[in-house]
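> Predicted model and sequence follow; I will ask about them next.
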Amino acid sequence: MQPPLNPIFSQIKFQVECIKELMHCVSFFSMEQEIYPGGRTCLELLRHIVLLPEADYRLSQGAAEEEIRQFYFYWEKELTTIEMLEARLDLSFIMLEDAYKELEQEDLVRRSRSYWGTAYSQTEWLLTILTHLSHHRSQLFSFLKVEGEDLRTIQLFE
């Protein structure tokens, strides 16, 4: 992995660990609750979050919309418990980290286009993944607060 990426991966890893802590605060009864009226259920949000590092990496490599849809569809049936979700998040992060370890400096500036037309360098895609994780971590945290969970031990920032 290129040294300039180390701080970004450090922050992604922090997000992943925080999300795993938050997952353990989700009650059985909260899993099927919508995180906001008309939105995803908590379980749907968790499934999205745990696949996000890998799915967004696939997007950075030019994955088609149908490929991403099928990827989520497959895992939707498989991820049913907090333990499975936690393990899948770890795997998704490791896959992302391993993929970036293989990149050379010139690869980091190579731009790729998503199926909806956004074009980023590989470094920008990595920052997008960090931001995407942060966004959904915030949604999960806010949902759990509204559900009345005590989150005082959850460290959101280093």
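Sure, I can see it. Model, not experiment: these values are computed from the prediction. Residues are numbered from 1 along each chain as shown.
> Quick check: phi and psi on the spatially closest residue to residue 113 that is not a sequence neighbour?
Spatial nearest neighbour of residue 113, excluding adjacent residues (Cβ to Cβ, 6 or more residues apart in numbering): residue 119 at 4.5 Å. Backbone N, C-alpha and C define where each C-beta goes, glycine included. Per-residue torsions, residue 119: phi -120, psi 120 (degrees, to the nearest 10).
> isn't residue 119 right next to residue 128, touching?
No: if you go by Cβ atoms under 8 Å, residue 119 and residue 128 don't touch, sitting 11.7 Å apart.
> coming back round to it: from residue 7, how far off is the residue nearest to residue 113?
The span separating residue 119 from residue 7 equals 24 Å under the rule Cβ to Cβ, to the nearest Å.
> quick one on the thing from earlier: against residue 126, how distant is the residue nearest to residue 113?
Distance of residue 119 to residue 126, computed by Cβ to Cβ: 15 Å.
> just residue 72 next, same as before
21 Å.
> How about residue 114?
14 Å.
> Tell me which of the two has more neighbours.
residue 126 (23 against 19; other Cβ atoms under 10 Å).
> check contacts around the more buried one.
Residues in contact with residue 126, defined by Cβ atoms under 8 Å, 6 or more residues apart in numbering, are 5, 8-9, 12, 100.
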